[in-house]
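1. structure, please.
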Amino acid sequence: MDIRPITETYSVGPQISVEDVQTLADNGFTTVICNRPDAEIPPSHHADVIQQAVEALGMRFVDIPINPDGLSQDVIASHKEAIDSSEGPVFAYCASGNRSTLIWALTQAGLQPTDTIIAAGAAQGYDVEILRGLINMIASQRS
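-> Now for the predicted structure:
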């Protein structure tokens, strides 16, 4: 299983299976966020299937699918709320971890320096630089 820590409390990775959920629990995650729409995957990996496995182990599951056609303020706010309300470390997944990293970066706009946000993604192989302008715009709206 591929777990890539973006911060001490937020990690990302590619699509998980029911068999991966125990590993997440063993690694201390308390919240699992699904950023992958069910239309992209077979029924065995749909959000409701993973949710059952996650909740059976006492973790919280949040379904915030991110479609390829873009992000909205509501999606960013929902993701931030899921992170902020978690009682412990968060693991978010999508196809590769990229969308989960990009949405995290937007939740951090104005809370951390833009270069710090970009570097955190880059350290795990994700190109957050493409969002620099949007991160700066959101940061200026939050200040």
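
2. how many neighbouring residues does the nearest residue to residue 62 once chain neighbours are set aside have?
-> Distances taken as Cβ to Cβ, 6 or more residues apart in numbering place residue 82 nearest to residue 62, at 4.3 Å, with adjacent residues excluded. For the C-beta atoms, the positions are set from N, CA and C on the backbone; glycine is no exception. Other residues near residue 82 come to 20 when the count uses other Cβ atoms under 10 Å.

3. list the buried residues in the helix or strand containing residue 82.
-> Here residue 82 sits within helix 73-84, counting by DSSP states H and E. By neighbour count on 16 or more other Cβ atoms under 10 Å, the buried set for helix 73-84 is 75, 76, 78, 79, 80, 82, 83.

4. which is the next helix or strand following that helix?
-> Where DSSP H and E defines the elements, the next helix or strand beyond helix 73-84 is strand 90-94.

5. next one: whichever helix or strand comes after that following strand to chain centre, how far?
-> Next in sequence after strand 90-94, counting helices and strands by DSSP H and E, comes helix 98-107. Going by Cα atoms, centre = their mean, to the nearest Å, the spacing between the C-alpha centre of helix 98-107 and its chain's C-alpha centre is 6 Å.

6. contacts for helix 98-107, please.
-> Contacts to helix 98-107, defined as Cβ atoms under 8 Å, 6 or more residues apart in numbering, come from residues 6, 10, 12-13, 33, 35-36, 64, 66, 71, 75-76, 79-80, 83, 92-94, 117-118, 120-121, 124, 126-128, 131, 134-135, 138.
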